[in-house]
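Novice: Fold the following, please.
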Amino acid sequence: MAESRRSYTYDPVGTGEPYRMESGQLWRQYLIGAIANIAILCTGYSMGWTAPINIKLQNNDTSQSPLDHKPSNGEIAWMGSVLNFGAIVGPFIGGFAASTIGRKWGLMSSTIPLLVGWILAAVATNMAFLYAGRIFWGIAVGMLFTISPMYCAEIATVESRGALGSFLQSFITVGFLLVYGAGPFISYHGVAYLGMAVVVLFAVSFFFMPESPTYHLLKDRTEDAAQCLMTIRGRSRQGVAEELATMKADVLASMEKKATLRDVFRGSNFKAFYISCALVFFQQFSGINAVLFYMTDIFKASGTDLDPSIATIIIGAVQLIASFITPFVVDRLGRRILLLISSCGTAIGLALLGMFFLLRHVGSPAVANMGVLPVIALVLFIVTYCWGLGPLPWAVMGELFPIEVKAAAAPPATAFCWILSFLITKFFPTISGNIGMHVGFFIFCACCVAAFFFTLFIVPETKGKSLQEIQQLLGAKNTEPEKA
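Specialist: Below is the predicted model of the structure:
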């Protein structure tokens with residue numbers, strides 16, 4: 001019977017029973033991407049750790065805290081903020097690791113600062129231990145937010161690259177929900193031991209995953225790249241030959257253009273860089289950290305008697321559900337349409353929150369009849385943020401930079417994100433306390449409106465395009481390797 005596409009038989013495990021598998025196994029790259037993103041789950045767990053732990057540390061029942069004193073509000077604020085110091089440094093460590101020991105072992109090396117952080121948290125007797133632990137977690141966060149999008153973009157086919165890039169936001173929300181759900185109901189040390197267990201789970205499971213084929217090609221190890229590609233695609237050596245040849249041509253072209261940090265600020269590379277930085281700016285200045293910081297106040301303002309711990313779990317579940325929608329639709333709808341929907345939805349949610357808190361600030365009697373409004377606005381904001389502004393800046397960043405520039409460009413762009421995160425986390429509560437919470441929400445709303453128009457006019461659509469085609473979109477002059 002004639003077949004519509006070329007196929008042949010092979011025996012991948014030496015059983016003597018060859019079978020047809022030329023179409024490949026798409027699920028493999030999703031499984032590998034998911035296992036790689038267990039590390040991102042670890043960062044979500046670490047970042048969300050403060051939500052249940054702050055309550056334990058400041059509780060009058062000192063048996064719940066390992067510290068020798070009850071921390072002040074200022075100490076708690078610094079504990080929340082210092083993670084960003086490590087996250088600013090981490091991208092440069094991650095970029096160096098990705099280019100020297102590989103994407104896989106760069107991801108594996110992130111377990112070191114993660115475990116050091118958890119050990120410090122477990123043995124803590126004063127705030128200095130917790131500050132240090134949070135800084136180590138921040139280093140891991142910076143490393144992983146640099147390497148993980150790079151790894152996922154390099155193992156993905158064109159058709160699934162957006163979905164794998166969206167895994168970052170999905171898995172970080174799993175980490176948040178895990179610590180939100182478990183933290184209030186287990187001991188302080190139980191939270192730390194669970195964090196360690198998740199890190200060990202990642203290290204053991206990812207140990208068996210392949211390296212990025214692109215990294216092997218960069219090191220001129222063609223057969224190693226072929227073996228990795230066979231594992232990722234579920235195809236034979238002949239079945240990956242065409243894709244391998246294309247990847248090798250792209251890598252050879254990139255190796256002719258050795259990139260330094262200076263090259264990031266030239267031509268199409270700079271366009272990719274400023275688009276990436278703008279997207280992470282809009283991500284942070286959507287006010288996600290401020291909204292989550294004030295989540296308890298928002299629920300209280302609505303007049304509900306819901307326990308803050310339960311409210312946090314509910315919002316974590318909403319984040320999780322919304323985040324897992326994006327991987328299923330991003331390669332069908334495209335990046336731009338999701339970013340447009342996301343920036344529009346977050347702007348509306350923030351405008352409603354700003355209006356509610358403005359009315360409360362001026363003592364309007366209308367607030368009494370608007371109790372459900374802040375909750376609706378919060379859910380709208382969270383859901384639409386998770387559809388676009390949360391995951392897609394990282395996915396797009398992994399696509400925009402050419403191979404030779406990624407290791408040089410990703411660290412400063414990622415560090416920029418965490419500098420913004422620190423500024424918002426540390427200073428927004430003070431500013432809002434002095435001039436009113438509504439002002440901050442209106443500022444964030446304006447930034448989301450700006451994100452809408454920036455996406456509409458500047459951000460290119462990368463759906464269904466090869467990495468070389470994306471470079472052509474950005475205006476790269478020499479996207480084809482020179483012929484001999």
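Novice: Low-confidence ranges, the stretch 1-150 of the chain, go.
Specialist: Flagging of the stretch 1-150 of the chain using pLDDT under 70 yields the residue ranges 1-22.
Novice: Please enumerate the helices of it.
Specialist: Secondary structure of the stretch 1-150 of the chain (DSSP state H, counting those that start in this stretch): helices at 27-36, 38-48, 50-58, 73-81, 83-100, 103-109, 111-123, 127-155.
Novice: now the longest helix belonging to the chain against helix 38-48, angle please.
Specialist: Counting by DSSP state H, the longest helix found in the chain is helix 403-435. Per axes from the mean of the first three to the mean of the last three CA atoms, to 10 degrees, the angle that helix 403-435 makes with helix 38-48 is 20 degrees.
Novice: May I see the helices of the stretch 1-150 of the chain organised as CSV, with distance to G398 added?
Specialist: All C-beta atoms are positioned from the backbone trio N, CA, C, and that covers glycine. Compiled in CSV, those are given as follows (distance: least, CB to CB, whole Å):
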stretch, distance to G398
helix 27-36, 11
helix 38-48, 13
helix 50-58, 28
helix 73-81, 27
helix 83-100, 12
helix 103-109, 11
helix 111-123, 21
helix 127-155, 4
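Novice: Any idea which of those gets closest to A163?
Specialist: Minimum separation from A163 across the helices of the stretch 1-150 of the chain (CB to CB) falls at helix 27-36, 7.4 Å.
Novice: Check which helices and strands that closest one is in contact with.
Specialist: The contact analysis (3 or more CB pairs under 8 Å, 6 or more residues apart in numbering; DSSP states H and E) places helix 27-36 against helix 127-155, helix 161-182, helix 188-206, helix 222-233.
Novice: ok but K248 is inside a strand, no?
Specialist: No. Under DSSP: H, G, I helix; E, B strand; the rest coil, K248 sits outside any strand and is assigned helix.
Novice: what about it, how many neighbours?
Specialist: Using other CB atoms under 10 Å, K248 has 18 other residues around it.
Novice: can you check N59 too?
Specialist: N59 - counted by other CB under 10 Å - has 12 other residues nearby.
Novice: what residues are up against it?
Specialist: S65 (CB atoms under 8 Å, 6 or more residues apart in numbering).
Novice: what do you get for G175?
Specialist: G175 makes contact with I40, L41, C42, T43, G44, Y45, S46, M47, G48, V198, according to CB under 8 Å, 6+ apart.
Novice: circling back to that earlier point, now the helices and strands packed on helix 27-36 in JSON lines, please, with extra columns for distance to F452.
Specialist: Converted to JSON lines, the helices and strands packed on helix 27-36 look like this (distance: least, CB to CB, whole Å):
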{"stretch": "helix 127-155", "distance to F452": "23"}
{"stretch": "helix 161-182", "distance to F452": "19"}
{"stretch": "helix 188-206", "distance to F452": "36"}
{"stretch": "helix 222-233", "distance to F452": "36"}
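Novice: If you average pLDDT over each of those helices, which is lowest?
Specialist: Note on the helices and strands packed on helix 27-36: lowest mean pLDDT is at helix 161-182, with a mean of 86.
Novice: ok now it, how far from the chain's centre?
Specialist: With CA atoms, centre = their mean, to the nearest Å as the basis, helix 161-182 stands 8 Å off its chain's centre.
Novice: CA atoms of it as CSV?
Specialist: The C-alpha trace of helix 161-182 is given here as CSV (Å, rounded to 0.1, in the frame of the first residue of the first chain):
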residue,chain,number,x,y,z
ARG,A,161,8.4,26.0,20.4
GLY,A,162,5.7,28.4,21.8
ALA,A,163,4.2,25.7,23.9
LEU,A,164,7.5,24.6,25.4
GLY,A,165,8.4,28.2,26.0
SER,A,166,5.2,28.7,27.9
PHE,A,167,6.0,25.9,30.3
LEU,A,168,8.0,28.3,32.4
GLN,A,169,5.0,30.2,33.6
SER,A,170,2.9,27.1,34.0
PHE,A,171,5.5,25.3,36.2
ILE,A,172,6.3,28.3,38.3
THR,A,173,2.6,28.5,39.2
VAL,A,174,2.7,24.8,40.2
GLY,A,175,5.5,25.7,42.6
PHE,A,176,3.5,28.6,44.0
LEU,A,177,0.4,26.5,44.5
LEU,A,178,2.4,23.7,46.1
VAL,A,179,3.9,26.0,48.8
TYR,A,180,0.6,27.9,49.2
GLY,A,181,-1.3,24.6,49.7
ALA,A,182,1.2,22.8,51.9
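Novice: Taking helix 50-58 as reference, get the angle to it.
Specialist: Going by the same axes, to 10 degrees, helix 161-182 makes 20 degrees with helix 50-58.
Novice: Nearest to I443, out of the helices and strands packed on helix 27-36?
Specialist: Distance to I443, taken as CB to CB, is lowest for helix 161-182 among the helices and strands packed on helix 27-36, at 23.2 Å.
Novice: these two touch, right, T384 and L339?
Specialist: No. At 10.5 Å, T384 does not count as touching L339 under the criterion of CB atoms under 8 Å.
Novice: Would you point out which residue is most central in the protein?
Specialist: Nearest to the mean C-alpha position of the chain, counting by CA atoms, centre = their mean, stands L168 at 3.9 Å.
Novice: With L456 as the reference, measure out to it.
Specialist: As judged by CB to CB, to the nearest Å, L168 and L456 stand 24 Å apart.
Novice: re the thing from before, out of the contacts of G175, which is most surrounded?
Specialist: Ranked by neighbour count under the definition other CB under 10 Å, the contacts of G175 are headed by C42 with 32 neighbours.
Novice: Just list the residues touching the residue nearest to G175 when sequence neighbours are not counted, thanks.
Specialist: The shortest distance from G175 to any residue other than its chain neighbours is 2.3 Å, reached at G44 (CB to CB, 6 or more residues apart in numbering). G44 makes contacts with F171, I172, T173, V174, G175, F176, L178, V179, as judged by CB under 8 Å, 6+ apart.
Novice: Extract the residue ranges of the stretch 351-484 of the chain that are flagged as low pLDDT.
Specialist: In the stretch 351-484 of the chain, residues with pLDDT under 70: 476-484.
Novice: What ranges does it have for its helices?
Specialist: Remark: helices assigned in the stretch 351-484 of the chain by DSSP H, counting those that start in this stretch are 373-384, 392-400, 403-435, 437-457, 467-473.
Novice: Work out the gap between the fourth one and the centre of the chain.
Specialist: This means helix 437-457. 21 Å.
Novice: list the helices and strands it packs on?
Specialist: Checked by 3+ CB pairs under 8 Å, 6+ apart, helix 437-457 has helix 267-284, helix 288-293, helix 335-361, helix 403-435 packed alongside it.
Novice: if we go to 10 Å?
Specialist: Applying 3 or more CB pairs under 10 Å, 6 or more residues apart in numbering; DSSP states H and E, we find helix 437-457 packed against helix 267-284, helix 288-293, helix 295-301, helix 335-361, helix 373-384, helix 392-400, helix 403-435.
Novice: Could you pull out the buried residues of that helix?
Specialist: Buried positions in helix 437-457, judged by neighbour count with 16 or more other CB atoms under 10 Å: 437-445, 447-452, 454-455.
Novice: for the longest one, same thing?
Specialist: Buried positions in helix 403-435, judged by neighbour count with 16+ other CB under 10 Å: 403-422, 424-425, 428-429, 432.
Novice: Report the distance from it to the chain centre.
Specialist: 13 Å.
Novice: One more: the shortest one?
Specialist: When distances are taken as CA atoms, centre = their mean, helix 467-473 is centred 23 Å away from the chain's centroid.
Novice: That helix: which residues count as buried?
Specialist: L467, Q468, I470, Q471, L473.
Novice: now swap in the first one and tell me
Specialist: Buried residues in helix 373-384, defined by neighbour count with 16+ other CB under 10 Å: L373, P374, V375, A377, L378, L380, F381, I382, V383, T384.
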